[in-house]
Each structure stands twice: as structure tokens, then as C-alpha cells.
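Enquirer: Model the structure of this input:
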Amino acid sequence: MFRNWFKSFLADQRANVAMIFALMLVPVTVMGGGAVDFNQAMNARARLAEALDAAALAVGASPNLPTEDAISLAQSVVAANYPDYEVGDLGTINVSVDDTNNVVIVSGTSRVETAFLGLIGIEHLTVDWESEVQRARTALELVMVLDNTGSMSGSKIAALRDAAALLTEILHDNADDPDMLEIGLVPFSSTVNVGTEYERAWWLDPDGISPVHSNNFDPPANRWDVIDSMQYESWDGCIEAREIPLDVEDIAPDPGDPDTLFVPYFAPDEPSGYSGYSNSYMSDGMGGSNLLARLMNSDKYAGVNPWGSASNWGCTARPITPLTQSRSIIDDAIDDMIASGTTNIPIGVSWGVRVLSPQAPFTEGNAYDDEENIKAMVILTDGTNVINGRSNINYSDYSGYGYIREGRLGVISSSSWLLRNALNDRTAAACAYARAQGIRVYTITFQVNNSTTRDLMRACASHSSLYFDSPSNEALRNAFELIAGDLTNLRLSR
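Expert: Coordinates of the predicted model:
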């Protein structure tokens, strides 16, 4: 039926219907097919926009590139994001860098061959795009909280030095304004070292009023005075954790509130002639079976020339480096790191926060609510938290939390496993506190086989994508490089 109607339609001479149909056939075809051509062109334009945006960000993240290198970088990024099999042929890529206003502009074109519009002489469609990136004037404050314990010895500490130095190199090389980049370092072991220049500082309880200052001394004594009373003994710069929850909080020290003050690290002389004690460095000054009395005897220190590490036993970490704009200072501090002692992650994290803080003890940090400032922390460990439990009157070796006997870790037990769990709890609390301050937390486990520690550090990071498990030296270096790239991109705004 339809065939007969169509023949009749073609033969119909009324009003020249056949002629009109013939004349309309070409434009109708062009219009329908042209929509397909235009759709292809719009797809090409979208792909071009994505590629140029990526190129502009890449050039913007490298402010010190010469013009030729900036163009080369942009071309390579565009090529990677707009491969040959995509619709359209790339034209010239143009790069404009305005160093005065910190603006990067990358523009380009793509030519799309037409399938239907060629019927009316339009052989191709050209689309263009321009991407503009405003280099942000955002300041960056970064602190690296790095495990410097005995398990890091040998090639591992060397690999850590190399990776940390790479991070500083990338950040400094890509900082168009060095005044807006500051980096600090917190090496940690069983405690941290603030540096001997702070001896008897006002926030280090020079008058001995903190509740923990007289722990392990009977009669009560000022630790500073006890150190001074011994021959050839000095404070090496380590400090102890405050009472929970101040151990992980950035509450400013205040002599009017003794709980907020810090105290110098002091490992007491332990009873002589008994097994299970790790740090006897002088005569007890008294006999008898009351080992606690012999340990706490304050009078025994006066005039004595102790042997071994004495009151600094367990103080193994190199000093903290406060935030600094100097690349040489931070690089030297990284190079000076050593591997010794046991692992106390929460005390490292808590001092990472204090390095970024605008208030004492360190005051180099900008205000937490400064919208023109990024605060970031990189935390690395190669092992599990450790406090060695002991079957003696102290329940443990001495650490940044003192003796477990004192209850400053929130648990009293000689079980090393329970003490590790308690330190893990404090680590989680320290990380949560850091994140709550708006600090961007990156975490790295280096050749760690313990799944509990890996899970702990993954949860510590601001996001699971900011956790890096590094089973090799190469993976460690890659982790630091990725962190450097992420921090650099954070300073850019589109």
C-alpha cells in the first residue's frame, strides 16, 4: 500500500509537490546530519577543556619553569590527556604566564572533520578552549613527625633521610614565594627532644610546681636542682608527656595552672643489684628491701658522678626543628637524624601539633583559623608502639610517660601488649586532635608487617587516600613525592 502511495506522490503534479520534496531533501539531510557533526565537536571541546585544565594546573604548580619548559610541560600534559584516538586533531597549544599577577593561561584548539556538513562546503569544525589558573598565595606550614627508633637503623634511616629531603626539595623548588613556606621536624623515639636551649624555660616548670615534677623523689625535689647537684650531669633536652588528656592537646602552658606545664625528662636511678631493672647508675644511698624507697631517695644524687646515660636514659632523639623558611636548616636537621630507642608515636604527634601551633612552647605557626594558610603533618613509623613491661615495682622501663607505676598512661600493668594498646589509644586520640585543628594529616608505614599498626595509621590520616604503606625504599620515596605533589596542588585555586 505504502509503495503505491509513494509512486502516486512522485507522479502528482499538483502544486509541484515532487519538485518541492526534491529541493528539501538536501537541507533536511544536512540539518539532521549536521547535528551529529556538532555533537562530535562539542565532545571534542569537552575533552580539550579537560586536557587544558590539567596542563594549566601542571604549569601553575611549577612557578619557576622557563617559558620554553612551561610550553613543553603543557604540551606533554595535553597530549597525555587528549590521545590520538579521541575525536579531533589538536592544534597549537599556547601558554601565557603572568608572574606579576600569578596567573597561568593555557589555550588551544581542536579541528573535527565533518561527515554531513561537508555537503554544504563545511569540511571541518574548529573548537577552542582557554584555561586560567590563579596561583594561590596560600602559605604552607608542614611538620614531619618521623620515627627515629632503633629499628630504623642502617639503610632504613638513610632511606628516610633521602625521602624527607626530596619532600623539602620539591616544595622549595615549587614555592614562588619562599616566605610562604615553612617546614619543621619532630624526630621521636620513646620521647622527644625540644633542645637544651630551653633549659629552665618558663613553660618547662623551673619552679617544680607541676604535679608530676616530684614523681620518684622522696623527699619532693625539683628535677632541675637534682640534675645540677650531680657531677658532670646535664639535661639533654628531652621532655615528658603531660597528664591525660593534656598529653595530646595543644593547651598553652600557664604557670597559673601547673597541670599545663611541661617537665624535663628525668630517668631515675633504679635499685642496684636486682635483676629486671635497666638503669642503675649510682649507689642507692641506702640499703634494705624497700626498693621503692631506694629508687625515690632524693638525697643520693647530690655530688655523685653517675655512669652511663644516667638521667637521660631513653633520651635518644635529635632536637625538634621549629617551623623555618630556611631550606638548609631543615635539610641539616634531616641529615642529623639517628636511629635509637623505642617507639612512642603519640608523643611525636602531639609535638607535631605544637610545632604548627601559634602558641607556646613554639610560636612560629599562624593562627589555626587563618584561611590563607595550610597546616599539614606527615607522620611516619616503621613499627608498633612500645613500652617494655617489667615485673618489678615500676611495671615498666622509663619513657616519655614516666613509669607505668605512676598511672600517667591511664593503665597500670606489666604486660607489654596492654601497654602497646594504651599507646595506640593515645595515638588515635592525638591524630583525632590534630585533624580537629584543621591539620591535614598524612601517614606512612615503612616496612611494617603488623596489620594493627597499619590500620591505626590509616585511621590517623585525614583521609584513607592520605595513608601510604611503603614496603620498600622506593615506595617510601614515592610516598613522599606524592605528598609533595598533593601539597603543591593544594596551594592552587582554579
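
Enquirer: alpha carbons only for contacts and neighbour counts from here, please
Expert: Fine.

Enquirer: Now do the contacts for Ala44.
Expert: Shown in contact with Ala44 (Cα atoms under 8 Å, 6 or more residues apart in numbering): Glu86, Val87, Gly88, Ser110, Val112, Val127.

Enquirer: Of those, which pair is most distant in space?
Expert: Using Cα to Cα, the contacts of Ala44 span at most 13.9 Å, a distance reached by Glu86 and Val127.

Enquirer: Helices along this structure, start to end?
Expert: 2-11, 17-60, 67-81, 155-173, 223-229, 291-296, 327-335, 345-356, 416-436, 451-460, 473-490 (DSSP state H).

Enquirer: mind listing what's buried in the fourth one?
Expert: Read it as helix 155-173. By neighbour count with 16 or more other Cα atoms under 10 Å, helix 155-173 contains the buried residues 156-172.

Enquirer: other SSEs contacting that helix?
Expert: On a contact count with 3 or more Cα pairs under 8 Å, 6 or more residues apart in numbering; DSSP states H and E, helix 155-173 meets strand 181-188, helix 327-335, helix 473-490.

Enquirer: List the neighbours of it that are in contact with it.
Expert: Here helix 155-173 makes contact (Cα under 8 Å, 6+ apart) with 62, 64, 148, 178, 181, 183, 327, 331, 334-335, 337-339, 473, 476-477, 480-481, 483-485, 487-488.

Enquirer: what pLDDT does Ser391 get?
Expert: Ser391 carries a pLDDT value of 95.

Enquirer: so who does it touch?
Expert: Counting by Cα under 8 Å, 6+ apart, Ser391 touches Gly276, Ser414.

Enquirer: Name all residues that make contact with the nearest residue to Leu476 once chain neighbours are set aside.
Expert: Closest residue to Leu476 apart from its sequence neighbours, by Cα to Cα, 6 or more residues apart in numbering: Ser470 at 5.1 Å. Going by Cα under 8 Å, 6+ apart, Ser470 touches Ile444, Thr445, Phe446, Gln447, Val448, Leu476, Ala479.

Enquirer: go again using 10 Å as the cut-off
Expert: Asp382, Ile444, Thr445, Phe446, Gln447, Val448, Leu476, Arg477, Asn478, Ala479 (Cα atoms under 10 Å, 6 or more residues apart in numbering).

Enquirer: and the residue nearest to Asn216 when sequence neighbours are not counted, how many residues sit next to it?
Expert: Excluding the flanking residues, the one nearest Asn216 by Cα to Cα, 6+ apart is Met296, at 4.8 Å. If you count neighbours by other Cα atoms under 10 Å, Met296 ends up with 21.

Enquirer: again, but for the one 3 residues further on
Expert: Other residues near Asp299 number 16, with proximity taken as other Cα under 10 Å.

Enquirer: Same check on Ser464?
Expert: A count of nearby residues for Ser464, using other Cα under 10 Å, gives 14.

Enquirer: Tell me which of Glu86 and Val127 has more neighbours.
Expert: Set Glu86 next to Val127 and count neighbours by other Cα under 10 Å: Val127 wins out with 20 against 13.

Enquirer: Distance-wise, check the more buried one relative to Leu57.
Expert: Per Cα to Cα, to the nearest Å, Val127 is found 21 Å from Leu57.

Enquirer: ditto for Asp455
Expert: Asp455 sits 33 Å away from Leu57, going by Cα to Cα.

Enquirer: Please say which of those two ends up with more neighbours.
Expert: Higher neighbour count among Asp455 and Leu57: Leu57, with 24 against 13, using other Cα under 10 Å.

Enquirer: I'd say the more buried one and Val95 touch.
Expert: No - with contact defined as Cα atoms under 10 Å, Leu57 does not reach Val95; the gap is 11.8 Å.

Enquirer: where in the stretch 101-250 of the chain is pLDDT low?
Expert: 116, 118-119, 134-137 (pLDDT under 70).

Enquirer: related to what we said a few turns ago, my guess is the residue nearest to Asn216 contacts Ile393. True?
Expert: No - the criterion here is Cα under 10 Å, and Met296 misses it with Ile393 at 11.6 Å.

Enquirer: which stretch among the helices of the chain comes nearest Cys315?
Expert: helix 345-356 (12.9 Å).

Enquirer: So for the closest one, mean pLDDT?
Expert: 98.

Enquirer: Mind giving me the packing neighbours of it?
Expert: strand 139-147, strand 181-188, strand 192-193, strand 321-324, strand 373-381, helix 416-436 (3 or more Cα pairs under 10 Å, 6 or more residues apart in numbering; DSSP states H and E).

Enquirer: Cool, thanks, talk later.
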